[in-house]
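Trainee: fold the following, please.
(chains A and B)
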2 protein chains.
Amino acid sequence: MRLDRLRSVHALLLLIGLLVFGVMPAGAEAGTDPLPSWNEGATKQSIIDYVTRVTKQGGPDYVVPKDRLATIDNDGTLWVEKPIYTQFVFAIDEVKRQANQHPEWKSKEPFKSVLAGDMKAVAAMGEKGMVEIVAATHSGMTTTDFNETVKQWLATAKHPRFKVLYTDLVYQPMIELLDYLHANGFKTFIVDGGGIEFMRPWMERVYGIPPEQVVGSSIKTKFELRAGTPVLVRLRELNFVDDKAAKPVGIHLHIGRRPIAAFGNSDGDLQMLQWTTAGSGERFGLLVHHTDAEREWAYDRKSSIGKLDKAWDEAKTKNWTVVDMKTDWKNMFAFEP
Amino acid sequence: MRLDRLRSVHALLLLIGLLVFGVMPAGAEAGTDPLPSWNEGATKQSIIDYVTRVTKQGGPDYVVPKDRLATIDNDGTLWVEKPIYTQFVFAIDEVKRQANQHPEWKSKEPFKSVLAGDMKAVAAMGEKGMVEIVAATHSGMTTTDFNETVKQWLATAKHPRFKVLYTDLVYQPMIELLDYLHANGFKTFIVDGGGIEFMRPWMERVYGIPPEQVVGSSIKTKFELRAGTPVLVRLRELNFVDDKAAKPVGIHLHIGRRPIAAFGNSDGDLQMLQWTTAGSGERFGLLVHHTDAEREWAYDRKSSIGKLDKAWDEAKTKNWTVVDMKTDWKNMFAFEP
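Mentor: Numbers count the residues shown, from 1 in each chain, chains lettered A, B, ... in the order given. I've put the predicted structure just below:
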């Protein structure tokens, strides 16, 4: 109760601030830097310029708050996607955890290799093996149980290189960018190829983005009454893959209107940026380019995960902002000194 | 700009009001009646009691604002669904409008009968004919064009009995209920069997519910570049039918968490109410029972549209509120004297 009251007081002060400093974007008043983890330069300036233009009341590019929608990719844009997608690490760990309920896995690939710890053999099976592992470990349970499993895994699993929780591997400059957008009246949506139910359990806590603003890949679910209690059971049947040309489709299905800004890092985000920036008025597209092998990883045109090739070329012709992680980001992660 | 400033001032006054009258539900302070079109009685009281309980800070049933989600059916709950669903009237009119682009329709059923004005023959073809008409008229165009077509139709088409626009046939007591929920921090979602893209173009204007909070049935769409311009094309392929046991599925896919209150009018809403009211804490379920043949229609267990049978029985055992439109509603429509 006291916290809520405090929040109301805080909101009131914020609102008075907005009334007094109405034409200034939030975070810009009183000389505070809304993006302290970003080095000064053209990249940072392009973000601040855009937000300033669309929030300037009476300006030619002003956008009313209700139309300030932004869509943001997750893997490789907001958190680390190397050496493999986090959700796949989760699936591997789930094979091990669920193994005693599946004695047949001991002699059945790709589970056999996973249980033997032979990740080279798993990798050799390619996408087919990966899909099999994800399908087997992500279906059969209720949505409530799956949600709980994801939360428990994220509370303990550590990244092999950084030895921290996966939710600590979010890029601090991008967290500041999300805060900056929220402070300026933007409604942000995650639009990612990852499983929608793998993302929703933690994104409100980590990004301030509630479940209803998370768009992702999904499997089908089925409503059932179990001893009179309604449950939703996760079926082993694909519903939607939210990647590449399907991203605008996912945006349209879940959001129903076109965002004014989009943020990604790979060719999987190309069509989302095309769709977003083709709308009328001032639009903003941004790609995160992984250039820092020392603090994170360096990869682009030839990477199997997070390939940045066509989208990078198009960024040049369409004037989208391309972030050079090595030179544009002062800090990478919050846990760094 | 001036309007925005005015809105900010208004928001400030509202916020100060909330701080000062923090424990009172909005609309209840200063003795104003938040639901003036509802007659006094148990039905109205059950709504006010619920909202008061979940918004009372420090009370045993208090729900923080971010968890105040409500899902609401549209056809028969918020607007008239008789003599046939509005979307079907739209589809019939579209057959006529699109006829010169489809010379083959003159000799092909069910279009032939529609063009001949023989609605009895159309009705005799049952659901199959209806599905064919909707599929043919709702696909092939871009999402932007379809959105425009819906808006134009709604701006002129009149209901055969009431001779007013369809968007004027929204139940005034339910509009007040939506406003009351919004004023008390609820985030409302439409969850309806109607087409999601038939509903989104007008619901923000009429209900104050933005496109991203509308869940409905959908067809598949496909991303395309046309002369470099990205479009989404509506395909003649079903994506999701948002009715009955699929309503909790749609809620879970689009919203990702369980609402605390649900509002419907038929057996198509049964599972939504089961799912909603099975959650922990105080929950609210409401069914609108069409009992007023004079001001609207009277129908329930034997109606082909808006059948209310099993859900009505379950409402009794589960203590859901059942609205008797004839006795509970002082006014039906805003256009009435």
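
Trainee: for burial, what's the neighbour tally of the nearest residue to residue A:207 once chain neighbours are set aside?
Mentor: Nearest residue to residue A:207, sequence neighbours excluded (CB to CB, 6 or more residues apart in numbering or on different chains): residue A:178, at 5.7 Å. For glycine as for every other residue, the C-beta is placed from the backbone atoms N, C-alpha and C. By other CB atoms under 10 Å in any protein chain shown, the residues close to residue A:178 number 20.

Trainee: the one 5 residues further on now?
Mentor: Other residues within reach of residue A:183, judged by other CB under 10 Å, total 17.

Trainee: same deal with the one 3 residues further on?
Mentor: Residue A:186 sits with 22 neighbouring residues when counted by other CB under 10 Å.

Trainee: roughly how far does residue A:115 sit from chain B?
Mentor: Taking CB to the nearest CB, to the nearest Å as the measure, residue A:115 falls 32 Å from chain B.

Trainee: contacting residues around the one residue sitting closest to the centre of chain A?
Mentor: Central residue of chain A (CA atoms, centre = their mean): residue A:74, 2.0 Å from the mean position. Applying CB atoms under 8 Å, 6 or more residues apart in numbering or on different chains, we find residue A:74 in contact with A:190, A:192, A:194, A:199.

Trainee: who wins for most neighbours among the residues you listed?
Mentor: So for these (other CB under 10 Å), the most neighbours sit at residue A:192, 31 neighbours.

Trainee: the helix or strand harbouring it: partners in the sheet, and parallel or antiparallel?
Mentor: Element membership of residue A:192 [criterion: DSSP states H and E] is strand A:187-195. Sheet pairing here is set by DSSP bridges, and for strand A:187-195 it gives strand A:69-72 (parallel), strand A:214-226 (parallel).

Trainee: list of residues touching whichever helix or strand comes after that strand?
Mentor: Downstream of strand A:187-195, the first helix or strand assigned by DSSP H and E is helix A:196-207. Identification of contacts with helix A:196-207 by CB under 8 Å, 6+ apart yields A:74, A:78, A:87, A:90, A:138, A:143, A:146-147, A:150-151, A:154, A:167, A:170, A:175, A:178, A:188, A:190, A:192, A:209-211, A:214-218, A:234, A:242, B:253, B:256-257.

Trainee: in helices, which of those residues fall?
Mentor: A:87, A:90, A:138, A:143, A:146-147, A:150-151, A:154, A:175, A:178, B:253 (DSSP state H).

Trainee: what residue ranges in chain A score low on pLDDT?
Mentor: Scanning chain A for pLDDT under 70 picks out A:1-30.

Trainee: quick one: the strands in it?
Mentor: For chain A, the strands defined by DSSP state E occupy A:69-72, A:187-195, A:214-226, A:229-240, A:261-264, A:284-291, A:298-299, A:321-324.

Trainee: who does the shortest one pair up with?
Mentor: Sheet pairing here is set by DSSP bridges, and for strand A:298-299 it gives strand A:284-291 (antiparallel).

Trainee: and residue A:256, how far is that from chain B?
Mentor: 3 Å.

Trainee: so who does that residue touch?
Mentor: Contacts of residue A:256 (CB under 8 Å, 6+ apart): B:196-197, B:200, B:210-212, B:214.

Trainee: reformat these as TSV; add neighbour count.
Mentor: Shown next, in TSV, are these (neighbours: other CB atoms under 10 Å in any protein chain shown):
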residue	neighbour count
B:196	24
B:197	23
B:200	24
B:210	17
B:211	20
B:212	21
B:214	24
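
Trainee: just the closest of the residues you listed to chain A, please.
Mentor: For the contacts of residue A:256, the minimum distance to chain A (CB to the nearest CB) is 3.1 Å, reached by residue B:211.

Trainee: and the closest one, how far from residue B:144?
Mentor: Counting by CB to CB, to the nearest Å, the separation of residue B:211 from residue B:144 is 13 Å.

Trainee: spatially, what comes nearest to residue A:129 if we skip its sequence neighbours?
Mentor: Nearest non-adjacent residue to residue A:129, counting by CB to CB, 6+ apart: residue A:110, 3.8 Å away.

Trainee: I'd say that neighbour and residue A:133 touch.
Mentor: Yes. Between residue A:110 and residue A:133 there is a contact at 5.8 Å, judged by CB atoms under 8 Å.

Trainee: name the residue in the two with the higher neighbour count.
Mentor: More crowded of residue A:110 and residue A:133, by other CB under 10 Å: residue A:110, with 24 against 21.

Trainee: contacts only, for that one.
Mentor: A:121-122, A:125, A:129-130, A:132-133.

Trainee: one more pass at 6 Å, please.
Mentor: If a contact means CB atoms under 6 Å, 6 or more residues apart in numbering or on different chains, then residue A:110 has A:122, A:125, A:129, A:132-133 as its contacts.
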